[in-house]
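K.L.:
My questions concern the predicted model and sequence given below.
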Amino acid sequence: MNDLLPLLVAVPILGAALLVVGSRRMSRPVAELAACTVSGGTAGLAIVLLLNSSPPMTEWVGGWTPVNGESVGIVLTGDGPGLGMAALASLLTLAAMVYSWHYFDEPPRRHAGSFPALMLLFQAGMCGFALAGDLFNLFVWFELMSVVAYALTGTRVEDPKVVQGALTFAVVTSLGAYAVLMGIGMLYARTGELALTQIGRGLDAHGGPDALTLAAFVLILTGLLVKSAAVPFHFWLPDAHAVAPTPVCMLLSGVMVELGTYGVWRVYGTVFSGPGGVPDDDFRRVLLVLGVLTAVVGAVMCWYQRHIKRLLACSTVAHTGLFLIGIGVLTPEGDDGVALYVLGHAGVKAALFACTGVLLDRYGSVDERALHGRARELRPVAVMYVIGALALAGLPPFGTALGKAVTEEAVGGPLTVLMVAATVLTAGAVLRVAAGVFFGLGPEPPGSDTYETTGTGEEPETGSRISRVPDTMTAVPAVLLAAALAVGVAPGFAGLVSHGVSESGSGGLVVSAPHWTPHGVLLGLASTLLATGLAALAVTRPALLTAPDWTQSLRRLQSGHVGDYVAWLLVGAVLLGALALPGVTGS
């Protein structure tokens, strides 16, 4: 089985290369079918390996195994979390490509395979990042994933807004990648190793943490938190989602952002969690402070958006904060809850973006005010939108609800209240959109000149407005929502997730399998009722959508100027250093 690990990366890359080479001789349907076959085959392989990942697998690519305990080779680690993220990335890539079947304008013949090829490269980058067992190649896959994401975001280069959004995405996340590379250089200078576990052993052998270890920690964490869109590194995400094609948004919010959070968990657990790294108390403080800040800012920004894709993007920011809080408590229960939450959230959020894409291609708009009452005829899409919003709120028995409940029980106290509040605000905003756009409830939302982007005057991604919604554009979100439901109800699934996470992250520590509890069910029902009530208030009293002065200042920070975002990246790096500093000064 070990020998099959490299295929999860090699097969999509080879498929993309063949599509590019053969693009002059193949039609669009052939290129799309080939890409779906490659993506689906890779997803199947990832699932097979995942089911055989106990004990975890390790593969030194090309046979470059360590000599006398030292290595310079490429190592892939096939454990439960890594293979789980690779399977999730592959399945969502397949879903996005099926959704986009005949999606865009028919391109010139010589470019028939360009979009599917980029999607396969994106899949390869995400799988490589999930499986990377050495820090340098984690950076390499980080960069491949990012570069392809820039290209996919800026597909429609004739639109200046698209170019600006893609450029902002590229500059900010590239700076994050450079920070990771500098941190890797520091760790290599200290330990002479690149494999994650060996770096951790090298730091432990050196003694307690010092300034160099802290600097490396801050730089690497900065790059990973940029990828996960944590506040104040998040500004690129709403701008990118506003202009990216819908299938790309499905991947950005469904799995790429979550991979950044996964990277934080992986790197700390294998590199910095020992006596020579960063003390647990300091890491806990870093993640909890940033998690709370991210959840609050993301939820508030989500509520006051009327550009629907930006609204969903801000919801992703808020949920990133919840994931960081769950990881930050540093308990096996918190890790289990986040893992289930991520799986459920991926299906729900990808489905919501898919439904929003239907609105864009049918009406040429993603503006909540302009679409008020116009989508009454899209009943299947309306039903899926409402279901997605309720799942986002934590309605049992969806996987989002189970993950949320387990995480809330792990964090406890005021953090549980914060998690409920963030989910109520974000789900309430999505329900408000569904009530107004699909059912025409209440008066038209108030207009305002304070919105930087309204979502009106958008070009349909199908070239012209569609009169009939293709079956693939409704079947895919339906399947994704069903998958999110299965995470919460499939017998034994939560136990398998817990076993994989515990075996990888807790040194074989066995904990009880996550399960539904009366407390968790009640919290999920309470969140759902509060979100529904909040949406009803917003529909009947549109004044609730008028942003107060303090939120205007918050929203003006989303300026669209890349220089501002770079300045906030530097502020975030300084904040990380300040939060982690006590462990060094006290050692």
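P.N.:
Happy to help now that I have it. Numbers count the residues shown, from 1 in each chain.
K.L.:
Output the below-cut-off pLDDT ranges for this protein.
P.N.:
Residues of the chain that meet the criterion pLDDT under 70 lie in 69-71, 103-113, 445-457, 505-512, 544-551, 583-587.
K.L.:
would you say Val72 is within a helix?
P.N.:
No. Assessed with DSSP: H, G, I helix; E, B strand; the rest coil, Val72 is coil; it does not lie in a helix.
K.L.:
so what's it closest to, chain neighbours aside?
P.N.:
Leaving aside its sequence neighbours, Val72 sits nearest to Trp64 (CB to CB, 6 or more residues apart in numbering; 6.8 Å). Placement of C-beta: from N, CA and C, glycine included.
K.L.:
isn't that neighbour right next to Leu76, touching?
P.N.:
No. Judged on CB atoms under 8 Å, Trp64 makes no contact with Leu76 at a distance of 11.8 Å.
K.L.:
coming back round to it: secondary structure class for the residue nearest to Val72?
P.N.:
Trp64 is classified as coil under three-state DSSP.
K.L.:
who's in contact with Cys355?
P.N.:
Residues in contact with Cys355, defined by CB atoms under 8 Å, 6 or more residues apart in numbering, are 381, 384-385, 388, 477.
K.L.:
give me that answer again for 10 Å
P.N.:
Contacts for Cys355 (CB atoms under 10 Å, 6 or more residues apart in numbering) come out as 246, 308, 312, 375, 378, 380-385, 387-388, 434, 438, 473-474, 476-478, 480-481.
K.L.:
same thing with Pro56?
P.N.:
With CB under 10 Å, 6+ apart, Pro56 has these contacts: 77-83, 133, 500, 503-504.
K.L.:
As a check, name the ranges of all strands in the stretch 101-250 of the chain.
P.N.:
Using DSSP state E, counting those that start in this stretch, no strands are found in the stretch 101-250 of the chain.
K.L.:
just the chain next, same as before
P.N.:
Here the chain has its strands, by DSSP state E, at 57-61, 74-78.
K.L.:
tell me the most buried of those?
P.N.:
Ranked by mean neighbour count, the strands of the chain are led by strand 74-78 with a mean of 23 (mean count of other CB atoms under 10 Å).
K.L.:
Mind giving me the packing neighbours of that strand?
P.N.:
Judged by 3 or more CB pairs under 10 Å, 6 or more residues apart in numbering; DSSP states H and E, strand 74-78 is in contact with helix 7-21, helix 28-51, strand 57-61, helix 80-99, helix 114-131, helix 135-153, helix 196-206.
K.L.:
can you do 8 Å?
P.N.:
For strand 74-78, the elements it packs on are strand 57-61, helix 114-131, judged by 3 or more CB pairs under 8 Å, 6 or more residues apart in numbering; DSSP states H and E.
K.L.:
Present these as JSON lines; the columns should include distance to Leu360.
P.N.:
Shown next, in JSON lines, are the helices and strands packed on strand 74-78 (distance: least, CB to CB, whole Å):
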{"stretch": "strand 57-61", "distance to Leu360": "41"}
{"stretch": "helix 114-131", "distance to Leu360": "17"}
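K.L.:
Quick test: name the residue nearest the centre of this protein.
P.N.:
The centroid of the chain falls nearest to Val257 when counting by CA atoms, centre = their mean (2.6 Å).
K.L.:
separation between Ala351 and Gly357?
P.N.:
11 Å (CB to CB, to the nearest Å).
K.L.:
Repeat that for Gly364.
P.N.:
12 Å.
K.L.:
Between those two, tell me which one has more neighbours.
P.N.:
Gly357 (28 against 17; other CB atoms under 10 Å).
K.L.:
Can you give me the neighbour number for the residue nearest to the more buried one when sequence neighbours are not counted?
P.N.:
Distance criterion CB to CB, 6+ apart; nearest residue to Gly357, sequence neighbours excluded, is Thr246 at 3.1 Å. If you count neighbours by other CB under 10 Å, Thr246 ends up with 25.
K.L.:
residue contacts, Thr246?
P.N.:
Thr246 touches 99-100, 103, 353-354, 356-357, 360, 461, counting by CB under 8 Å, 6+ apart.
K.L.:
change it to 10 Å
P.N.:
When contacts are counted by CB under 10 Å, 6+ apart, Thr246 touches 96, 99-100, 103, 309, 350, 353-361, 366, 461, 473.
K.L.:
got it, and Trp568?
P.N.:
Listed by CB under 10 Å, 6+ apart, the contact partners of Trp568 are 172, 231-235, 557, 559.
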